[in-house]
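> Whatever this is, show me its structure:
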Amino acid sequence: MLSLSYLMRPSLHLPTMNEDLSNMHLSKAEFQEYGYRLVDWLAEYFDNVDQYQVLPSIEPGDIRNMLPGSAPERAESMEEIIADLDRVVMPGVAHWQHPGWYAFFPSGASPVSALGEFVAAGLATQGMMWSTAPAATEIENTVLDWLVDLLGLPSSWRLDEGPGGGVIQMSASDSTHLSLAVARHQFELSGADANSLVAYGSSQAHSSIEKGARIAGFKHIRSVPVTQTFGIDADAFAQMVRDDIDSGLIPAWVCSAVGTTNTTAMDPIRAIAVIATENGMWHHADAAYAGSAMICPEFRELQDGVELVDSYTFNPHKWLLTNFDCSVFWVADRSKLIETLSILPPYLRNETEDNPAAIDYRDWHVPLGRRFRALKLWFVLRSYGAENLRTFIRSHVAWAEELESKVINDSRLELTAPRTLALVCFRHTDGNEATRELADAINASGSAYVTPSVTDDVAYIRVSIGSTWTEQRHVEDLWDLIDSNAGIK
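Residues are numbered from 1 along each chain as shown. Purely as a prediction, here's the structure:
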């Protein structure tokens, strides 16, 4: 019931039934005009991105100082808004699409992906249920079934074969958080004390492991030692599990990294799966970056045993030419996921809720609402085809192998971790300070950006080759930059 204070609130202006609101919006002709201009603007950006300095030369607050302190009361023209892309936005852009971007892991994009995102934004479909988004739902589950086959994953993860299935999440972190929540719920259903549950991850694991465990309410989070190649030490993991059981705790969840962030180390999935299965644990595989490489059959040995895990995630938005956000999450048994997340108030009930062909993705992740992310992935897979996507991945791996060879043959440098895919980790032989100075010199050039990192007090440089626009010549330019700044040979 409305309160009296609400009824007495003064109103400056309310539209009447006869008032035309259409003039508030861009007309069809205006939408076409400005839409074409923005496509042209973005096409020029893609074509000339290598002419920019990779990182902007600004200080915190510079962009905000260019903006007014309050929102405009009256409408501004699209001319002014588009002009501010160059005046305000571009001076503060870190160019993740620059061919000299070798930092972190790639943030994939492509012209066709941008077009898919554009159409999805315009349709603005709300894909929480099949009934609210039939096309969005069925394109998503079909495309994710395609990917099961393309990446050589278990056919039982296909929705049409079951009992598994896939769903697009925002990020691999969300997928990891979700797997932890499902694991906790399953243990609680069995009568386990939630305060006794233990989650395990590599000491080299992504920060999302610990964050996700905290969010899911795990009180005990273990960091498992690694071997000399930085993968989980399965024997150490088995001992930690035994010790926790002896202490009255319940081993509940473990993550196998299919490519750690620091070095792309590969955890021994099969060995971990044996321990996880013996103890009834949920086994999650995080292949956020490396999963895209599994489109090439020759790399699948890196995730040997993947058919034994309970859930798996990878990010097409990293290395598969699809712009952020687009992270795929598969579960081996979708009933456990749905059981954990399904809450059905009257306003969400619908006529197709009991039809197994009508997937309601609201029960497959934390948010109720969801965007039509599958459209851009569908565009990418169709526009490039698996053959071209394999060539894209293989080229980056080959260029990384060449860079690795140059590092090995240079007495000033040394590798700090084995290369598995397209990430090369190396340091200056003169030590940590020389390594940091080399990284600083590369990043100060403006033409390349690498990530300095540290493992066991050893500083090193990460070079991740994976940008959409990187070509072999750019990697050769990077080597020239390394060579010229590494000091006397």
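> max-length helix in this structure?
helix 374-408 (DSSP state H).
> show me what contacts Pro268?
Neighbouring residues of Pro268 by CB atoms under 8 Å, 6 or more residues apart in numbering: Gly231, Ile232, Ala234, Ser256, Gly305. All C-beta atoms are positioned from the backbone trio N, CA, C, and that covers glycine.
> got it, and Phe237?
Applying CB under 8 Å, 6+ apart, we find Phe237 in contact with Tyr200, Val224, Val254, Ile272, Ile275.
> Give me the buried positions along the longest helix of the chain.
374-381, 384, 389-390, 392-397, 399-400, 403-404, 406-407 (16 or more other CB atoms under 10 Å).
> Please apply the same query to stretch 297-305.
Phe299, Leu302, Gln303, Gly305.
> again with stretch 460-477
Buried-residue list, stretch 460-477, by 16+ other CB under 10 Å: 460-470, 474-475, 477.
> Ok, stretch 410-430 next?
So stretch 410-430, judged by 16+ other CB under 10 Å, has buried residues 410, 412-413, 416-417, 419-428.
> Select from these every entry located in strands.
Among these, the ones falling in strands (DSSP state E) are Leu413, Leu423, Val424, Cys425, Phe426, Arg427, His428.
> Excluding chain neighbours, what is closest to Arg370?
Excluding its sequence neighbours, the residue lying closest to Arg370 (CB to CB, 6 or more residues apart in numbering) is Gly127, at 4.6 Å.
> measure the one you found to Leu381 for me?
When CB to CB, to the nearest Å is applied, the distance between Gly127 and Leu381 equals 18 Å.
> Let me see the ranges of the helices in the stretch 251-400 of the chain.
Using DSSP state H, counting those that start in this stretch, the helices of the stretch 251-400 of the chain run over 269-278, 316-319, 334-341, 374-408.
> so which of those comes closest to Gly164?
helix 334-341 (5.9 Å; CB to CB).
> average pLDDT across the closest one?
Averaging pLDDT along helix 334-341 gives 90.
> contact partners of that helix?
159, 162-165, 178, 181-182, 185-186, 189, 310, 331, 363-366.
> Mind listing what's buried along that helix?
The neighbour-count check on helix 334-341 (16+ other CB under 10 Å) flags Arg334, Lys336, Leu337, Ile338, Thr340, Leu341 as buried.
> Tell me who's in contact with Pro452.
With CB under 8 Å, 6+ apart, Pro452 has these contacts: Thr435, Arg436, Ala439, Ala459, Tyr460, Ile461, Arg462.
> Farthest-apart pair in the residues you listed, please.
Across the contacts of Pro452 (CB to CB), the longest gap, 13.0 Å, separates Arg436 and Arg462.
> can you pull the pLDDT of Ser11?
48.
> now Gln126
86.
> so where does it fall, helix or strand?
Gln126 belongs to no helix or strand when assigned by DSSP states H and E.
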